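>>> Give me a model of this one.
(one chain, ligands or ions: 1)
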Amino acid sequence: MSTLVSLALTNVTREIVDEYLAPFPTKLLRYARDYLYEDRLIRKIAMPERLIAQLRGYNDTYLPHFELSASGPQGGCNCGHSQPCAHFTALLLAFRDHSEQFVFPPYGLYHAVKNIWPLVFEETSLTQFIPDPIPHWMLPQPLVPQASWSPPSLDRVVRQPSLLADVHPSWLTRPDIEETIRHWDTVLMQKAGAVFWIALWAYNPYLPLESVFQVIGSQLPPAQPFILETLWTKRPIALPVERQVLATHRLLTLLGQIPDTPMMWLWNQFPEADPLYLERARLLMNDNQPDKAIRLLESHWPDTKEAQHTVRQALISWLPVPDQLPYRIADCLDTGSVLELEALQTLLSPEAWHDLAQHFNHRWRPSADA
Ligand SMILES: [Zn+2]
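Okay, here's the model as predicted:
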């Protein structure tokens, strides 16, 4: 087995795997494909910098794995054959062609490996914590769903948090899930305790748990040390970047609900969770320092049109009408929104609006300009 490298350099991608596979002999690829046709590669997991799965061979089971190390991509298998073996090749082919069938490590496995990271590479860990077949709700929601998924009741979640923690993010945008959570039994929600809910959200920040935290709000102040610890403790299994950033954002938002927390300092410690400086500007607004908030946003003005629109919309929602005008005019010209243009007519002098409309038409409706 290769040396484990804890440093996540980048994520394993299909492109990296495809390039790694390029020199593999055709015969080896053929053997590997046979394993895949016979569905022998099971319990497929993708972590940001690693892949691992279980392969049911004809006589025994094996654990092929692949990782990005400081010296480049590497991997192998515990079968004892010379490497690369067909089991390892099957793992790579499966990821290259169907990466969507690889799951993020389940919540149970994540907790089991705390501080004992090599346990991920134990066969018993995989069989204990990863079901075979993998439930459809742990995988991306298909465009045409063959099977539905209903959100579990709270008493089931409390007994088995993985029922919620392991749901693939693509399922969680459905409005009925938020609705179900909103109607959970509040007594049981409180009984489960803040630490339970914080840990769940830190692992799967895509869960719509806002209503839960409204109910258990009074439990947050005593849980402050736990939230801080969760923010700063290195996780045994790294989360994919987007997931990690969202989890950090969620945790900081919870801290923001606890009085006397030094939020400006905290957001500054995790700038990736506030890339547009909106959270920090909001703190200044709430502290009655609008000029400082505007200066902060203007001195970190984003490069992309989409981000600029987001920042302008935030300013428009915070500022009194006269101060909104420059942002509304810029946004209208930048997005080509006729609705925004028309709304400005009541706020500008007739001459100013006429000028704006000319600019607008010149840019967005050249035929009307003529
Ligand atoms: Zn092997």
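>>> only C-alpha atoms for contact and neighbour calcs from this point on.
Noted.
>>> Residue 41: neighbouring residues, count only.
Using other CA atoms under 10 Å, residue 41 has 23 other residues around it.
>>> okay, now the nearest residue to it once chain neighbours are set aside: neighbour count?
Excluding the flanking residues, the one nearest residue 41 by CA to CA, 6 or more residues apart in numbering is residue 55, at 4.5 Å. Residue 55: 24 surrounding residues under other CA under 10 Å.
>>> same question, residue 266
So residue 266, with other CA under 10 Å, has 15 neighbours.
>>> again with residue 25
10.
>>> Show me the residue at the heart of this protein, geometrically.
Ranked by distance to the mean C-alpha position of the chain (CA atoms, centre = their mean), the top residue is residue 243 at 2.5 Å.
>>> To which secondary structure element type does it belong?
helix (DSSP: H, G, I helix; E, B strand; the rest coil).
>>> For it, which non-adjacent residue is spatially closest?
Counting by CA to CA, 6+ apart, the residue nearest residue 243 is residue 205, at 6.9 Å.
>>> could you pull out the strands for the stretch 1-150 of the chain?
41-47, 50-56, 61-62, 65-69, 72-76 (DSSP state E, counting those that start in this stretch).
>>> Could you point out which residue ranges in the stretch 101-250 of the chain have low pLDDT?
The stretch 101-250 of the chain contains residues with pLDDT under 70 at 115-117, 144-145.
>>> And the helices in it?
107-112, 123-129, 154-159, 162-165, 175-182, 186-192, 194-203, 210-215, 224-232, 241-256 (DSSP state H, counting those that start in this stretch).
>>> Present those as JSON lines; the columns should include distance to residue 355.
Below are the helices of the stretch 101-250 of the chain laid out as JSON lines (distance: least, CA to CA, whole Å):
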{"stretch": "helix 107-112", "distance to residue 355": "58"}
{"stretch": "helix 123-129", "distance to residue 355": "65"}
{"stretch": "helix 154-159", "distance to residue 355": "58"}
{"stretch": "helix 162-165", "distance to residue 355": "54"}
{"stretch": "helix 175-182", "distance to residue 355": "44"}
{"stretch": "helix 186-192", "distance to residue 355": "56"}
{"stretch": "helix 194-203", "distance to residue 355": "50"}
{"stretch": "helix 210-215", "distance to residue 355": "45"}
{"stretch": "helix 224-232", "distance to residue 355": "51"}
{"stretch": "helix 241-256", "distance to residue 355": "42"}
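>>> returning to that earlier point: which one of the strands of the stretch 1-150 of the chain lies nearest to residue 210?
strand 41-47 (26.9 Å; CA to CA).
>>> What is that closest one packed up against?
strand 50-56 (3 or more CA pairs under 8 Å, 6 or more residues apart in numbering; DSSP states H and E).
>>> Other residues contacting the strand it packs on?
11-12, 40-46, 61-68, 87, 91, 121, 123, 126 (CA atoms under 8 Å, 6 or more residues apart in numbering).
>>> close to the ion, is that strand?
No: shown here: strand 50-56 not in contact with the ion (CA under 5 Å from the ion), separated by at least 8.5 Å.
>>> Export only the CA atoms of that strand, formatted as PDB.
Taking Å, rounded to 0.1, in the frame of the first residue of the first chain, the C-alpha atoms of strand 50-56 are listed here in PDB:
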ATOM      1  CA  ARG A  50      -8.800   9.700  -3.200                       C
ATOM      2  CA  LEU A  51     -10.900   6.900  -4.700                       C
ATOM      3  CA  ILE A  52     -11.500   3.500  -3.100                       C
ATOM      4  CA  ALA A  53     -13.900   0.600  -3.800                       C
ATOM      5  CA  GLN A  54     -14.300  -3.000  -3.100                       C
ATOM      6  CA  LEU A  55     -13.900  -5.600  -5.900                       C
ATOM      7  CA  ARG A  56     -15.500  -9.000  -5.600                       C
END
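>>> Provide the strand pairings for that strand, with the direction of each partner.
With DSSP bridges as the test, strand 50-56 is paired with strand 41-47 (antiparallel), strand 61-62 (antiparallel), strand 65-69 (antiparallel).
>>> Now do stretch 130-141: distance from first to last residue.
19 Å (CA to CA, to the nearest Å).
>>> Pull out the buried residues from it.
For stretch 130-141, a neighbour-count test (16 or more other CA atoms under 10 Å) marks 130, 136-141 as buried.
>>> now it, how far from the centre of its chain.
A distance of 18 Å separates the centroid of the chain from that of stretch 130-141, by CA atoms, centre = their mean, to the nearest Å.
>>> What are the contacting residues of it?
Contacts of stretch 130-141 (CA under 8 Å, 6+ apart): 42-43, 100-103, 106, 109, 147, 149, 166-171.
>>> farthest pair in those?
Between all members of the contacts of stretch 130-141, the farthest pair (by CA to CA) comes out as 109 and 147, at 25.4 Å.
>>> okay, those two: which has more neighbours?
residue 109 (18 against 9).
>>> which ones are touching that one?
Contacts of residue 109 by CA under 8 Å, 6+ apart are 120, 125-126, 129-130.
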